[in-house]
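[1] Give me coordinates for this.
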Amino acid sequence: MKKILPFAAGCRGKLAASVLFAVLSVAGGIIPYFAAAKITYKMIENQYTVPGLGLLVLTALFGYTAKVVLGAISTELSHQAAYRILVSIRTALTAKLSKVPLGYVTERPSGGLKAVLVDTVEKLEAPFAHLIPEMTANLLVPAAVLIYLFYVDWRLALLSLVTIPLGLLFYIPLMKKYKKYYKKNVEAGNEMSSQAVEYINGIEAIKAFNQSASSYESYAGAVKNSCQAITEFFVVTLPEYTALMTILPSTLLFVLPSALYFYAQGTLELSAMLTCIILSFGLAGPLVQAMKYTDNIASMGTIMNQVAEILKEEEMIRPSMGQDLKDYPIVFENVTFGYQDQEILHGISFEAKPKEMTAIVGPSGSGKSTIAKLIAGFWDVNGGRITLGGVDVRRLPLQQVSSIISYVSQDNFLFHLSIRDNIRIGKPGASDGEIVEAAKKASCHEFIQSLEQGYDTLVGEGGGQLSGGERQRISIARAILKNSPVILLDEATAYTDSENEAVIQQSVSRLVRGKTLIVIAHRLSTISSADRIIVVNDGQIDSQGTHEELLAGSTMYHSMWSAHIGSRDIDPEERRKEQ
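    Purely as a prediction, here's the structure:
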C-alpha cells in the first residue's frame, strides 16, 4: 500500500467514497439477517401480524436493495480510481524510460518491458477496484456484527470466532506459498509475453528457415514454463485454500449446538438464540469474501515490486532549467564509454564546428553509431565530457538537447498512426500546410498523394505498410519540420537501393541547409566533400582531416576509399581520377 498510495494522489477522494459505499453496501446485506431472525422469533412465539411481517419483509428487501445499489456505486467509483491509478503508474514508467540510459531499454527484450507496461500493470485493475473497498467493508462490517453479538450473548459471540484462528492455521502458510509461487507465475508469464513478441517479430525468418512455433525453442520453452508455473501455483496452494474456505464459514458447527444447549438450560432466551444463529451466517459470509482477495494481495505485492524495480533504476541526471546557447559546436573531450564492463570508446576527442559538415567513418563495429548516440544524448559518457555550445551536455536538460539535435538513423521508427501524424511528431503544433511543405522538401509528397488515403494513410506498426525508402523519407520530413540547428545522420541511407538513395540524398541536402551536420557513413562517396572527416577504428580516432588530406596521410582511409571505389561499377578512367 505504501508503494501504491503515491500513484493515487488524484483519486483518494474517490477511493474513500468507494470504501464508504462498500461498507454501507455490506451493512445493507446484513439487514435481511436481522429481519429473518425477527420473523422467525415472532412466528415461533405466535406474536406476529400480517402487516408486521410485511414490514419486516420490506425491511429485508430494503437492505438487499441497498446492498446492490450502494455496491454498484462503490464499484463504479473504485473502477474510476483504479484506472486513474493505472494511468499514473504507466505515466511514471514511461517517464522513467525516457530518463534512463538507452542501454537499459535496448539490453532488454521489447516484449519484457511491454509485458510490464501493458499486461502486468493491467492486472492491478481488479485489486485496486475491488480489494481496497470491498475487503475493507468485508472486514469492518463483521467486526460491527461481532460487537452486537457480544451485546446479545458473549458466549455465542466467542464461539462464532472459533473458526477464525482455525482458518489462520491454513491462511498463514497459504500466504507464504503465494508470495513464492505467485511471483514465479508472474515472471514466467512475462517471459512468455516477451518471447511471443520476439517470435512474432521474427516470423519471417522462422518461415524462411522452415521452423514452427513448437520448434522455436525459446518461445516453446517459455510457453511450457508458464504453463508449469500456473499449474504448480494452483496445485501447491489448493490444499490450504480449500481448507480455509471450508473452515471459515463453518460457524454453525459451534454456534448451533451451543445455542440449543444454553436455551435448554434456560440461560439463553429464544430471541437471542435465533438472532445469534442467523447472524452467524452474516458474520461468516463477508469474511469468506474477504479471504477470496488473497490472490489480489499476492498479485499487488508482486506487481508493485516489478514496478518499483524499474522506477528505482539510475537516471541520466539533468537539470530542469535550460541554458542560453548562442552557437552549437559539439566537442568530444577525451571521451570513454562502454556497455556494462566492456569499454567501447577509448579517449575520443574531436570537434564538429557550427554550420560545417563533419563525417565519421570507420569499419563495422568501430564505434561510429555509439558516438552518434552519445551526441544525441541517449547515454552518459563514462569518462571525459561532451560539450554542446561550450556547455557539458550533462548540464543541459534532455529536452533542450533533443530540441537542438535532429537524429535521423537508418531505422527511424514510425508509429502506427497516419503519415500526417508521424510527420507532425517533429513539431506537434504544425499545421497541415507545414506538414505538406516538409513532405515536399523530403521528396515524399508525390508518393503520399498516390496513396488511397493520402496523408491519412496508416503506416502500420513500425511503418510496415511502407517501403524502406518511403519510411526514410517520412523520417526526413519529420526532421525538416523540426528544423533543429544540428542534424545527425546515422547511416541514413545504409539500407536503401541506389534509386532511393539518390532521392534521399536530395531530401537530405534540403534538410541540412545552413545547419551543423554530423554524418555517420559507410558509403564514402556521400561524405567526400565534408569539411572534416574523422576516421574511427576500434573505439579510437585513427585520423581526421579533409578527404584530400586523409587520402594523402591516412593508410586506413586510403584503404577504405580504394575498397569503396573498387566496388562501384564506373568507368576505369573515372575511377583513376577519383583515386
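
[2] Name the SS class of Asn536, please.
    Not quite, residue 536 is Val, not Asn. Three-state assignment for Val536 (DSSP: H, G, I helix; E, B strand; the rest coil): strand.

[3] ok, now which ones touch it?
    348, 360-362, 366-368, 371, 542 (C-beta atoms under 8 Å, 6 or more residues apart in numbering). No exception for glycine: its C-beta is placed from N, CA and C like everyone else's.

[4] Setting aside sequence neighbours, what's the nearest residue to it?
    Gly362 (3.7 Å; C-beta to C-beta, 6 or more residues apart in numbering).

[5] Which phi and psi values does that neighbour adopt?
    Note on Gly362: its backbone torsions stand at phi 160, psi 170 [degrees, to the nearest 10].

[6] what about it, distance to Asp542?
    7 Å (C-beta to C-beta, to the nearest Å).

[7] In the stretch 301-450 of the chain, where is pLDDT below threshold?
    Of all residues in the stretch 301-450 of the chain, none has pLDDT under 70.

[8] got it, and the stretch 1-150 of the chain?
    The model of the stretch 1-150 of the chain has pLDDT under 70 over residues 107, 109-111.

[9] Domain boundaries for the chain, per the record?
    1-153+303-316, 340-568 (automatic domain parsing).

[10] so can I have JSON lines of those showing distance to Ser193?
    Converted to JSON lines, the domains of the chain look like this (distance: least, C-beta to C-beta, whole Å):
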{"stretch": "domain 1-153+303-316", "distance to Ser193": "4"}
{"stretch": "domain 340-568", "distance to Ser193": "16"}
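
[11] Next, Phe350: secondary structure please.
    Phe350 - assigned by three-state DSSP - is strand.

[12] What is the neighbour count of Glu434?
    A count of nearby residues for Glu434, using other C-beta atoms under 10 Å, gives 17.

[13] Chain neighbours aside, what residue packs nearest to it?
    According to C-beta to C-beta, 6+ apart, the nearest residue to Glu434 is Leu481 (6.4 Å).

[14] Doesn't that neighbour lie inside a helix?
    Yes - looking at Leu481 with three-state DSSP, it is inside a helix.

[15] Per-residue confidence, it, what does it come out as?
    At Leu481, the model reports a pLDDT of 88.

[16] Quick check: the residue nearest to Val536 touching Asn537?
    Yes - contact criterion C-beta atoms under 8 Å: Gly362 and Asn537 qualify, at 5.5 Å.

[17] Just want to know which of the two has more residues nearby.
    Gly362 (24 against 17).

[18] now the strands for this protein?
    Here the chain has its strands, by DSSP state E, at 330-339, 342-352, 357-361, 383-388, 391-392, 405-409, 486-490, 516-520, 532-537, 540-545.

[19] any residues touching the fifth one, and which ones?
    Contacts of strand 391-392 from elsewhere in the structure, counted by C-beta under 8 Å, 6+ apart, are 323, 325, 385-386.

[20] List just the nearest of these to Thr91.
    For the contacts of strand 391-392, the residue nearest Thr91 by C-beta to C-beta is Gln323; the value is 27.5 Å.

[21] Now the closest one. Nearest residue, chain neighbours left out?
    Val391 is the one closest to Gln323 (C-beta to C-beta, 6+ apart), at 5.7 Å.

[22] Centroid-nearest residue for the chain?
    Leu117 (1.9 Å; C-alpha atoms, centre = their mean).

[23] how much space between it and Lys312?
    16 Å.

[24] how about TSV for the strands of the chain, with distance to Glu269 added?
    Converted to TSV, those look like this (distance: least, C-beta to C-beta, whole Å):
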stretch	distance to Glu269
strand 330-339	80
strand 342-352	83
strand 357-361	95
strand 383-388	86
strand 391-392	85
strand 405-409	84
strand 486-490	88
strand 516-520	92
strand 532-537	95
strand 540-545	96
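
[25] Those: which one's closest to Glu76?
    Nearest of those (C-beta to C-beta): strand 405-409, 45.6 Å.

[26] what about the nearest residue to Ala157 once chain neighbours are set aside, neighbour count?
    Nearest residue to Ala157, sequence neighbours excluded (C-beta to C-beta, 6+ apart): Leu149, at 3.8 Å. For Leu149, the count of nearby residues is 26 (other C-beta under 10 Å).

[27] Same check on Lys3?
    For Lys3, the neighbour count with other C-beta under 10 Å is 15.

[28] Equivalent analysis for Ser529, please.
    Residues lying near Ser529 (other C-beta under 10 Å) number 11.

[29] Test my guess that it contacts Met357.
    Yes - checked against C-beta under 8 Å, the pair Ser529 and Met357 is within contact range at 7.3 Å.

[30] if I look at the nearest residue to Gly338 once chain neighbours are set aside, how far off is Asp380?
    Nearest non-adjacent residue to Gly338, counting by C-beta to C-beta, 6+ apart: Ile344, 5.1 Å away. Separation of Ile344 from Asp380 (C-beta to C-beta): 14 Å.

[31] Ala196 now?
    For Ala196, the distance to Asp380 - C-beta to C-beta - is 33 Å.

[32] Report the contact partners of Glu269.
    Taking C-beta under 8 Å, 6+ apart, one finds Tyr263 in contact with Glu269.

[33] let me redo that: Thr120
    186, 189-190, 303, 306.

[34] Mind checking which of these are in helices?
    186, 189-190, 303, 306 (DSSP state H).

[35] nearest to Gly566, of those residues?
    Asn190 (50.0 Å).

[36] what residues are up against the residue lying closest to that closest one once chain neighbours are set aside?
    Spatial nearest neighbour of Asn190, excluding adjacent residues (C-beta to C-beta, 6+ apart): Ala115 at 4.1 Å. By C-beta under 8 Å, 6+ apart, Ala115 lies in contact with 189-190, 193-194.

[37] got the residues you listed as TSV, with pLDDT, distance to Gly553 and neighbour count columns?
    Output for the contacts of Ala115, formatted as TSV (pLDDT from 0 to 100; distance: C-beta to C-beta, whole Å; neighbours: other C-beta atoms under 10 Å):
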residue	pLDDT	distance to Gly553	neighbour count
Gly189	80	59	19
Asn190	75	54	22
Ser193	76	54	21
Ser194	74	50	22
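
[38] would you turn the residues you listed into CSV with distance to Ala95?
    Converted to CSV, the contacts of Ala115 look like this (distance: C-beta to C-beta, whole Å):
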residue, distance to Ala95
Gly189, 25
Asn190, 21
Ser193, 22
Ser194, 22
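
[39] and Phe281, how many neighbours?
    15.
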